[in-house]
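K.L.:
Attaching a predicted model along with its sequence, questions to come.
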Amino acid sequence: MIHTTKTVLCILALSLSTLAVAQTTLSLSAGLAASWQTTRLSGQRHTTHPTFAPAANVSVDIPLSAQWSIQPALGFIQKGGDFPLDYTGPGSGGQTLRINELEVAVRARYRKTGEHIHTYLALGPYAGFLLSKKITINGQTTDDYSPYRAAEFGLSLSPGIEMPVKSALLFIEARYLLGITQVNDDADSPVLVKNRLHSAGLSAGFRFPVGGK
């Protein structure tokens, strides 16, 4: 947890140090995310049903040119999956796993301006740091102490649109997160667990100018 805190603080300090260098924007957004978990065992792939939970994000957009920018981001997201009663993969059917993560991402963003509406596409890596893990069985929710790594890594893809609203920008975006690392921390387990998250519905927020030109 100490290393996680230091990493987050360093990223925030680096982002804030750029505010006086160029015209930047601060983004605040919230939305709904659907997540599911996949496992592989003996060459077979198993997928849980999705779970739905709110997500929140704050980011700083640092322009590199008229179209390109770098976007460090910090957010809260809930991952996991719903194991149906007829689930045939590793684990038990009839339970729901919810994994709360602090997400740090750095994305490259390409923006195409229009007369009234602008479009953009952001792509880059993310790191998800474990905050807590809960499991629900028969309506009872408890802490889950099964082996799980403190961090998982993947790729983030975010297409969206934005439009001016007075001095700010209103934006709506979809987001897809693809986990690419093994997250279970049991060296003796043959199960390779990966988290994959897809934004269900739309995330919305505002961008505010915070730097000088």
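P.N.:
Looks like it came in fine.

K.L.:
burial of residue 58, as a residue count?
P.N.:
16 (other Cβ atoms under 10 Å). Just so you know, the C-beta spots here come from the backbone N, C-alpha and C atoms, and that holds for glycine as well.

K.L.:
Run the chain-centre distance for the helix or strand where it lies.
P.N.:
Here residue 58 sits within strand 51-63, counting by DSSP states H and E. Computed by Cα atoms, centre = their mean, to the nearest Å, the separation of strand 51-63 from the middle of its chain amounts to 7 Å.

K.L.:
cool, stretch 72-81 as well?
P.N.:
How far stretch 72-81 lies from its chain's middle: 4 Å, per Cα atoms, centre = their mean.

K.L.:
if we can go back for a sec, report the next helix or strand after the strand holding residue 58 in sequence order.
P.N.:
The first helix or strand that comes after strand 51-63 along the chain, using DSSP H and E, is strand 68-83.

K.L.:
for that following strand, what is the average pLDDT?
P.N.:
Mean pLDDT, strand 68-83: 91.

K.L.:
repeat for stretch 137-153
P.N.:
Here stretch 137-153 scores 84 as its mean pLDDT.

K.L.:
May I have the distance across that stretch, first residue to last?
P.N.:
Start-to-end span of stretch 137-153 (Cα to Cα, to the nearest Å) is 28 Å.

K.L.:
Report how many residues lie close to residue 135.
P.N.:
Neighbours of residue 135 under the rule other Cβ under 10 Å: 20.

K.L.:
Same check on residue 117?
P.N.:
Residue 117, neighbours per other Cβ under 10 Å, totals 11.

K.L.:
Give me the pLDDT value at it.
P.N.:
Reported pLDDT for residue 117: 94.

K.L.:
Could you find the closest non-adjacent residue to it?
P.N.:
Spatial nearest neighbour of residue 117, excluding adjacent residues (Cβ to Cβ, 6 or more residues apart in numbering): residue 163 at 5.1 Å.

K.L.:
what does the particular helix or strand that has the one you found in it rub up against?
P.N.:
Assigned by DSSP H and E, residue 163 falls within strand 151-165. Residues outside strand 151-165 that contact it (Cβ atoms under 8 Å, 6 or more residues apart in numbering): 4, 101, 105, 107, 116-130, 169-181, 183, 195, 206-207.
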